[in-house]
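**Student:** Show me the folded form of this:
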Amino acid sequence: MTKTAPLDRKVRQQTNLLSSLVTGLVLSFADITVGISLASLIFSGSLAAFLPRGLAIVFLSGIIHALFSARFTSQDEIITVVQDNPIVLLAVAVSSIAAFISPSELLATVLALILVSTILTGAVLLLLGVLRLGGLVRYIPYPVIGGFLCGTGWLLVQGAIGTMANYGLNLENLPALLQPHQVTLWLPGVMLGILLFAAARRFHHVLVTPTILMAGLILFFVILGASGVSISEAEQRGLLLGSAFGQVGWQPPLEIASANWSAILGQAGSIGTVVLITVIGVLLNTSALETILHRDTDLNHELQITGLANLVSGLFGGMIGFTSLADSAQTQRLRARARTVSLVFAAAYLFMLFFGTSILAYVPKALTGGLLLSLGLDFLYTWVIVGRKTLSRMDYAVVLLILVIIALFGFLVGVAVGLVLMIILFVVNYSRLNIFHSIASGAEITSHVERNAYHQQALAELGKQVYVLELQGFLFFGTANLVFEQVRKRLETPGQSPLSFLVLDFHRVTGVDASATLSLTKINDLAIRSSFTLILTQVTGALQNTLTRNGLDTNVQIKLFPDLDHGLEWCENTLLEREQVTKMHFPIDLEHQLADHGFQKAATLRLKVYLQRIEFQSGEYLMRQGDPSDNLSFIESGQVSIYLESAADHPLRLQTLGAGTVIGEIGLYLNAPRSASVIADELTVAYQLERQALETMKVHEAELAFQVNDLVMHVIAERLMTADREILALHR
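**Tutor:** Residues are numbered from 1 along each chain as shown. Here you go, the predicted model:
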């Protein structure tokens, strides 16, 4: 075993190396062909003579991105290549520039446009990575991204036709495209593109696309030879890329000094769109790769590395590149080493840069055009055909709308419409979210102040005059108006108790737009007209300042409390005082207090024999968290609060109890340590029943002990009922 294990490992390493080399060669052939197609997309028409220069730029860019991919990516499976989306947009910008500047400035201006776009894109990617903003892509609505990609697919189809026939695919050029001599230029490429697209959808093997391209190349020359057309004649007819290859290779973009910079400035929108589409592409491809690899990828690291690669590429006048989802997925599926594959990519591009351009003169335009067409069809199929089944009607309509806008008015207008739709979709979708964490009355959700039994019974009815809305999420004009409508609905619902207090809790609110204060102002006006008090709880200082700036006096018109508990406590106290419940019935001694729980006064007199009367000053502990539970207390007068104490944080108030309440019964009966501390808020008188006294009572007065147990069970049951009401209210 010890001898064969190293041998097996060596065989596996050799197999992986061979697989990586073969995968790299096959994928690099396909990507080089795509690169030729993309270069032809920009360097066409009046720039066709400079196509070799464009190819050299693509090849050098490919070398740079491949080397960065081989050395610096966070995952072994990531392959980085020159990408089509930004180049398609640059081709649109180049067409716009070529229409109004002199031919002598055109090449320099186009080179400068490529350089500026790549450097700016690299800088933005690097900055986003450094600031750790890789998660931003998740805030872009999915259908808007789909619309952009769908529009890119249309532009690729247009560019493919233009590469082969020198006429773009639109209504104006349709008559010219249908001329017999033009049909022979673009029809073979269209057929090849459809075949490539269909085969790629049907078969997922790495050799499918290279095999079809090679077969198409061979078939082209077989048909050319059978028809008696020479190479030079085929070039004259526009069937080949041309013999200009090999005359001009890569050169430093020194011409940019004479570029028409005003024309480039006029394409600021296009450059910004290139940056936006690239950022989206990097993050989407990397995120999608996480799903394929079944592990997380450091998005911010990839942003930084991709940004640096594009900065270096831009300094050499190169083009934009980022993670290739298709190549990375193929590499992972074939268990090849992506870093080795990237090195093969770099070597292949290097060979083409120095030795391969003369061969490219014999590449049919139908080959490059067909490949572009297949890429465009893939985008369109994914979003127009598949999207119809996977997207909702609204999302699908957004994708189609952006596609139509791009097709009719151009990509920039489509981007502008997409950004507007992003805002609309955000408002619509966010407005669908439930802004209310809970909706309840003061009878269903109460403060943490435990009162005597009579006051609890009174508040069970009076609490219906309190309307509690616990808000959540972000408040802006759409969601804030829902709050106003909910309050108005409560006022207009027949059979409801009169509304005395409206409590809006902001504990779960993440932010408030300035426009939301208009709805709060409307609610306050409604409060004045309908004679109820508006109460805001857990309001931040920023929101309070915003309310004040908008004319709401938070000291007079609106009541503010630090949290919902204190707000509800104030409402309950106000209701008890206003209805004179406190004056009419406030049992001042233990006999009357226990009588409210059904305990006979005569039994209380007998019980007092076993109780110890103790006075506690304000701030004094009745019970300490963690101490043994050796007694329970009947609060005769004063007020105490229960606190959860932590060494790291300030004590957290859990509950407040007044006269006529019982505390400490759970720990006593379970014989468990105190789970919290009890501290007197003011001078408090309590009667304590010690464990030993309770045991003595069981021996000498078993009936009285049974009544005490019954009293404790009654208190626990009341607390459980209160908790149940709150839970039900929260889950409405």
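
**Student:** can we go C-alpha only for contacts and neighbour counts from here?
**Tutor:** OK.

**Student:** How many neighbouring residues does the nearest residue to Asp327 once chain neighbours are set aside have?
**Tutor:** Leaving aside its chain neighbours, Asp327 sits nearest to Ile79 (6.2 Å; criterion: Cα to Cα, 6 or more residues apart in numbering). The local packing of Ile79 (other Cα atoms under 10 Å) involves 28 other residues.

**Student:** Ser40 now?
**Tutor:** 28.

**Student:** ok, now His700?
**Tutor:** For His700, using other Cα under 10 Å, the count is 10.

**Student:** Just give me the longest strand of this protein.
**Tutor:** strand 501-512 (DSSP state E).

**Student:** residues of that strand that come out buried?
**Tutor:** Neighbour counts over strand 501-512 (16 or more other Cα atoms under 10 Å) mark Phe501, Leu502, Val503, Leu504, Asp505, Phe506, His507, Val509, Val512 as buried.

**Student:** of those residues, closest to Glu591?
**Tutor:** Phe501 (34.3 Å; Cα to Cα).

**Student:** I figured the closest one hits Cys571, correct?
**Tutor:** Yes. Phe501 is within contact range of Cys571, at 7.1 Å (criterion: Cα atoms under 8 Å).

**Student:** shared neighbours of those two, anything?
**Tutor:** Val466 (Cα atoms under 8 Å, 6 or more residues apart in numbering).

**Student:** Reformat the buried residues of strand 501-512 as JSON lines; add pLDDT.
**Tutor:** As requested, the buried residues of strand 501-512 are exported to JSON lines (pLDDT from 0 to 100):
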{"residue": "Phe501", "pLDDT": "95"}
{"residue": "Leu502", "pLDDT": "95"}
{"residue": "Val503", "pLDDT": "95"}
{"residue": "Leu504", "pLDDT": "94"}
{"residue": "Asp505", "pLDDT": "94"}
{"residue": "Phe506", "pLDDT": "91"}
{"residue": "His507", "pLDDT": "89"}
{"residue": "Val509", "pLDDT": "87"}
{"residue": "Val512", "pLDDT": "79"}
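
**Student:** Would you mind identifying the next helix or strand past the helix or strand of the chain with the lowest mean pLDDT?
**Tutor:** The weakest-scoring helix or strand in the chain, judged by mean pLDDT, DSSP states H and E, is helix 581-584 (a mean of 64). For helix 581-584, the succeeding helix or strand toward the C-terminus, using DSSP states H and E, is helix 590-595.

**Student:** which other residues reach that following helix?
**Tutor:** Counting by Cα under 8 Å, 6+ apart, Asn452, Ala453, Pro587, Gln600, Lys601, Thr604, Leu605, Phe634, Glu636, Ala659, Gly660 sit against helix 590-595.

**Student:** Distance from the chain centre to the very next helix or strand once past it, please.
**Tutor:** The helix or strand immediately downstream of helix 590-595 is helix 601-607, counting by DSSP H and E. Helix 601-607 sits 65 Å away from the centroid of its parent chain (Cα atoms, centre = their mean, to the nearest Å).

**Student:** Check stretch 95-114 too.
**Tutor:** 39 Å.

**Student:** Figure out the length between the terminal residues of that stretch.
**Tutor:** 13 Å (Cα to Cα, to the nearest Å).

**Student:** Could you shift the numbering so residue one becomes 679, and keep it that way?
**Tutor:** Taking 679 as the first residue, the last one we looked at is stretch 773-792.

**Student:** How about that stretch, which residues are buried there?
**Tutor:** Counting neighbours by 16+ other Cα under 10 Å, stretch 773-792 gives Ser773, Ile775, Ala776, Leu784, Leu785, Ala786, Thr787, Val788, Leu789, Ala790, Leu791, Ile792 as buried.

**Student:** any chance of those residues in JSON lines, plus secondary structure and distance to Leu855?
**Tutor:** JSON lines is the format used below for the buried residues of stretch 773-792 (DSSP: H, G, I helix; E, B strand; the rest coil; distance: Cα to Cα, whole Å):
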{"residue": "Ser773", "secondary structure": "helix", "distance to Leu855": "19"}
{"residue": "Ile775", "secondary structure": "helix", "distance to Leu855": "24"}
{"residue": "Ala776", "secondary structure": "helix", "distance to Leu855": "22"}
{"residue": "Leu784", "secondary structure": "helix", "distance to Leu855": "27"}
{"residue": "Leu785", "secondary structure": "helix", "distance to Leu855": "28"}
{"residue": "Ala786", "secondary structure": "helix", "distance to Leu855": "31"}
{"residue": "Thr787", "secondary structure": "helix", "distance to Leu855": "30"}
{"residue": "Val788", "secondary structure": "helix", "distance to Leu855": "27"}
{"residue": "Leu789", "secondary structure": "helix", "distance to Leu855": "30"}
{"residue": "Ala790", "secondary structure": "helix", "distance to Leu855": "32"}
{"residue": "Leu791", "secondary structure": "helix", "distance to Leu855": "30"}
{"residue": "Ile792", "secondary structure": "helix", "distance to Leu855": "30"}
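
**Student:** before we move on, the earlier item: what's the distance between the residue nearest to Asp1005 and Asn763?
**Tutor:** Taken as Cα to Cα, the span from Ile757 to Asn763 is 17 Å.

**Student:** Ok, Phe707 next?
**Tutor:** Phe707 is 20 Å from Asn763, by Cα to Cα.

**Student:** pretty sure Val802 is touching Leu986, no?
**Tutor:** No. Val802 is beyond contact range of Leu986, at 10.1 Å (criterion: Cα under 8 Å).

**Student:** Just to be sure, Ile1292 is in a strand?
**Tutor:** Yes. Counting by DSSP: H, G, I helix; E, B strand; the rest coil, Ile1292 is part of a strand.
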